[in-house]
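1. Make a model of this:
(chains A and B)
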Amino acid sequence: MRKSITVLLAVAALALPIADATAATRGTTKKIVVSKRFAGSAASVDRWGSLQVTIVVRKTTTITGTKKKVTRKITAVSVPTYPNHTDRSIYINQTALPILKAEALRAQSASINMVSGATDSSDAFAQSLQSAILKAKKS
Amino acid sequence: MTVGVRKLPGIRRVEQIMGLPVVVDVRDDDEAGSVLDHLFDWLRWVDATFSTFKEDSEISRINRGGLHREDAHPDVRQVLERCDRLRDETDGYFDMRAPGGSIDPAGLVKGWAIDRAAAILDDAGLHNYAVSGGGDMRVLGRAIPDLTWRVGIQHPLERHEVAAVVETTDLAIATSGAYARGDHVWNPPSGRAPRGILSVTIVGPELGTADAYATAAFAMGPERAPHWTARLLGYEAMTILADETVFKTGGFPDE
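-> Numbering: from 1, shown residues only, chains lettered A, B, ... in the order given. Purely as a prediction, here's the structure:
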């Protein structure tokens, strides 16, 4: 996860100078990054009780000359309160604050040994396993 | 790094059991053939004992009323009790009871059987292996001495790509998805496959529990699943929604 964020930032950093190449002659580019936590209102979740969500938003302000561009991205979602309807959820609510991280779905062709996924047929799985084993042999 | 195409250490065997290809891939250099014979004999016993497709299985006999739960084999009682607890832990989303009152613990049996298979390999002194059934697995040790196991989480939309890679030396990994075998994942309140969610992957110490949690979270659908998984003890999750948002719990161990 940490790595994927690093990669995203690296990509953004690389893309910026190209996008701002013409503006750069008129002035310097300034980038301000602020992360803020926002708590949602406690919402009722039918029979499960009430639930409150907190998100962390990363706001990036890019100033090039007189132009200002603001982008916002949700970097974390957490649930500080959770229905106390079972012993288990009470216990869990007393333990550490859980964190959920949101990101966009990516596809990658990685070198792997095995594949975890729901199989639609035995053949597909066997083939995928076979190819994973072959990849492992070559890696 | 180039290892080159060389013979892998250990031994591999695949057999169709419980309607799934079960793969045992041992990477220790020890002679493990007789252990695998014992392991697959045991898996075939599990199939014969738990399958609802076999008329003389203990589960079929329980469903016909010819066998009381209390008189069943200790392993059957253990699995059914765990199914009952999992129903509570998952707020009813993991449920072995079919409409009509019969039971089918298949949602736990596969992962439980693979956990036991891993224990058989442990007892035989093996330290580097993967045991997998239909895309859910236990892995231990290293694939080859230079490399830890790298498990790809299948991309739900692009079949030949992966959405994440987990590198591990000891883990159970289970994925439930909409692209699964027909509609084997079933949402109890609506009776239909849930919309808006593509897959849930759960990792942790036990495959039986991870698989049941993945099944339950998937059935919960896109609103509840990410938050429910964030509260699991000892298990981490990755949920992929239909809008291509990926939610990972804080400790999900992908690279």
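
2. Low-confidence bits of chain A, can you list those?
-> A:1-27, A:36-57, A:73-98, A:118-139 (pLDDT under 70).

3. Not counting its neighbours along the chain, what's nearest the residue in it that chain B sits nearest to?
-> Minimum separation of chain A from chain B (CB to the nearest CB) falls at A:G117, amounting to 2.7 Å. Where C-beta positions appear, they are placed from N, C-alpha and C, glycine not excepted. Nearest residue to A:G117, sequence neighbours excluded (CB to CB, 6 or more residues apart in numbering or on different chains): B:Q154, at 2.7 Å.

4. contacting residues around the one you found?
-> Contacts of B:Q154 were listed using CB atoms under 8 Å, 6 or more residues apart in numbering or on different chains, and they are A:115-118, B:135, B:162-163, B:175, B:177, B:199.

5. just to revisit the earlier point, so how many other residues sit close to the residue of chain A closest to chain B?
-> Using other CB atoms under 10 Å in any protein chain shown, A:G117 has 28 neighbouring residues.

6. Pretty sure it sits against B:S199.
-> Yes - counting by CB atoms under 8 Å, A:G117 touches B:S199, with 7.3 Å between them.

7. Check the contact lists of the two and give me the overlap.
-> Counting by CB under 8 Å, 6+ apart, the residues touching both A:G117 and B:S199 are B:153-154, B:156, B:175, B:177, B:179.

8. May I ask which of those residues has the most neighbours?
-> B:T175 (31 neighbours).

9. Distance check, whichever residue of the stretch 151-255 of chain B sits closest to chain A against B:I202.
-> Closest residue of the stretch 151-255 of chain B to chain A, CB to the nearest CB: B:Q154 (2.7 Å). Computed with CB to CB, to the nearest Å, the distance linking B:Q154 and B:I202 is 14 Å.

10. now swap in B:C83 and tell me
-> Distance from B:C83 to B:I202, by CB to CB: 17 Å.

11. among the contacts of B:Q154, which are in strands?
-> A:115-116, B:162-163, B:175, B:177, B:199 (DSSP state E).

12. next one: phi and psi at B:G134?
-> phi 50, psi 40 (degrees, to the nearest 10).

13. Please name the nearest non-neighbouring residue to it.
-> B:L20 is the one closest to B:G134 (CB to CB, 6+ apart), at 3.9 Å.

14. Test my guess that the one you found contacts B:K110.
-> Yes - the criterion here is CB under 8 Å, and B:L20 meets it with B:K110 at 6.7 Å.

15. residues shared between the contacts of those two?
-> Contacts common to B:L20 and B:K110, judged by CB under 8 Å, 6+ apart, are B:133-134.

16. Those two: which is more packed in?
-> Taking other CB under 10 Å, B:L20 and B:K110 do not tie; B:K110 has more neighbours (26 against 19).

17. And the contacts of whatever helix or strand that one lives in?
-> Using DSSP states H and E, B:K110 sits within helix B:106-123. With CB under 8 Å, 6+ apart as the test, helix B:106-123 has contacts from B:18, B:20, B:22, B:24, B:26, B:32, B:35, B:38-39, B:42-43, B:46, B:50-52, B:79, B:82-83, B:86, B:94, B:96, B:129, B:131-134, B:136-138, B:140, B:172, B:174, B:206-212, B:215.

18. Parallel or antiparallel, list what pairs with the helix or strand just after that helix.
-> Remark: after helix B:106-123, the chain's next helix or strand is strand B:129-133, criterion DSSP H and E. Taking DSSP bridges as the criterion, strand B:129-133 sits next to strand B:20-26 (antiparallel), strand B:136-140 (antiparallel) in its sheet.

19. okay, those, which one's buried deepest?
-> Mean neighbour counts were compared across the strands paired with strand B:129-133 using mean count of other CB atoms under 10 Å in any protein chain shown; the top stretch is strand B:136-140, at a mean of 25.

20. distance between that strand and the chain's centre?
-> 9 Å (CA atoms, centre = their mean, to the nearest Å).

21. Repeat that for stretch B:54-64.
-> 23 Å.

22. can you check stretch B:214-226 too?
-> 16 Å.

23. ok so, going back, what bridges to the residue nearest to A:G117?
-> B:V162.

24. Now do the helix holding B:K110, average pLDDT.
-> Taken as a whole, helix B:106-123 has a mean pLDDT of 96.

25. tell me which residues of that helix are tucked away?
-> Buried residues in helix B:106-123, counted by 16 or more other CB atoms under 10 Å in any protein chain shown: B:106-118, B:120-121.

26. any idea which of these is closest to A:V34?
-> B:G111 (44.1 Å; CB to CB).

27. Now do the strands for the stretch 151-255 of chain B: every range, in order, please.
-> B:162-168, B:170-177, B:197-204, B:236-241, B:245-249 (DSSP state E, counting those that start in this stretch).
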